[in-house]
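Engineer: sharing a model prediction with you, sequence too.
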Amino acid sequence: MGEVQFLMNNARMKILRLPQFLDDARLLSTQNASVIPFSIRRVFIICDVQADTLRGKHAHKKTKQAMFCIQGSVHVRLSDGKKKRVYRLTDPRRGIFIDRLVWSEMYNFSSDAILMVFASDYYKEGDYIRDYKNFLKLIK
């Protein structure tokens, strides 16, 4: 499967593609590190997002994430502190790998959007950087 990789100041962000199997339904699957480049410790889903909501607004010190919009669409804005890039997720086969120390924001959720996120670690509040100015200071 083709993979596009973007390098932004040592922070890796990749477009991920899940294998698809078609018969009388569509099956999307991954196992081991065949698509997601880390061991999965946590999975969560974001859905029923109210209009004009900005989600995320943080970076992680250690945790890596992979996100897939499994229904509907969402925009994802990523920043390494120098460059910003926006992705629109609309295809459940296509997702984004977000390395540690990358600021992320999700917005413009369609009314039916379901965003599935895989994380490399369990939830730990101390791993979050929730202030963009502090994020910029930390990465310098």
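Structural biologist: Happy to help now that I have it. Computed from a predicted structure; not experimentally measured. Residues are numbered from 1 along each chain as shown.
Engineer: in this structure, what helix or strand scores lowest on average pLDDT?
Structural biologist: Every helix and strand in the chain was compared by mean pLDDT, DSSP states H and E; the lowest is strand 5-8, with a mean of 43.
Engineer: does D112 sit in a helix or strand, and which one?
Structural biologist: Using DSSP states H and E, D112 is not contained in any helix or strand.
Engineer: should've said F135
Structural biologist: Going by DSSP H and E, F135 is in helix 132-139.
Engineer: what residues does that helix touch?
Structural biologist: Residues from elsewhere that reach helix 132-139 (C-beta atoms under 8 Å, 6 or more residues apart in numbering): N9, K57, A59, K61, D80, G81, L101, W103, I129. To be clear about C-beta, it is placed using only N, CA and C from the backbone, and glycine gets the same treatment.
Engineer: and it, what's buried?
Structural biologist: Under the neighbour-count criterion of 16 or more other C-beta atoms under 10 Å, helix 132-139 has F135, I139 buried.
Engineer: before we move on, the earlier item: any idea which helix or strand comes after the least confident helix or strand of the chain?
Structural biologist: Using DSSP H and E, the helix or strand that follows strand 5-8 in sequence is strand 11-17.
Engineer: partners of that next one in the sheet?
Structural biologist: strand 5-8 (antiparallel), strand 94-98 (antiparallel) (DSSP bridges).
Engineer: just want the angle from that strand to helix 132-139.
Structural biologist: 110 degrees (axes from the mean of the first three to the mean of the last three C-alpha atoms, to 10 degrees).
Engineer: next helix or strand past strand 11-17?
Structural biologist: Once the chain leaves strand 11-17, the next helix or strand it forms, by DSSP H and E, is strand 20-22.
Engineer: note down every partner strand of that next one and its orientation.
Structural biologist: Checking strand 20-22 against DSSP bridges gives partners strand 26-28 (antiparallel).
Engineer: tell me the mean pLDDT for the strand it pairs with?
Structural biologist: Averaged across strand 26-28, pLDDT comes to 81.
Engineer: follow-up on the earlier one: return a PyMOL selection command for the buried portion of the contacts of helix 132-139.
Structural biologist: Applying 16+ other C-beta under 10 Å to those leaves a buried subset, and the PyMOL line that selects it is:
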select buried, resi 59+80+81+101+103+129
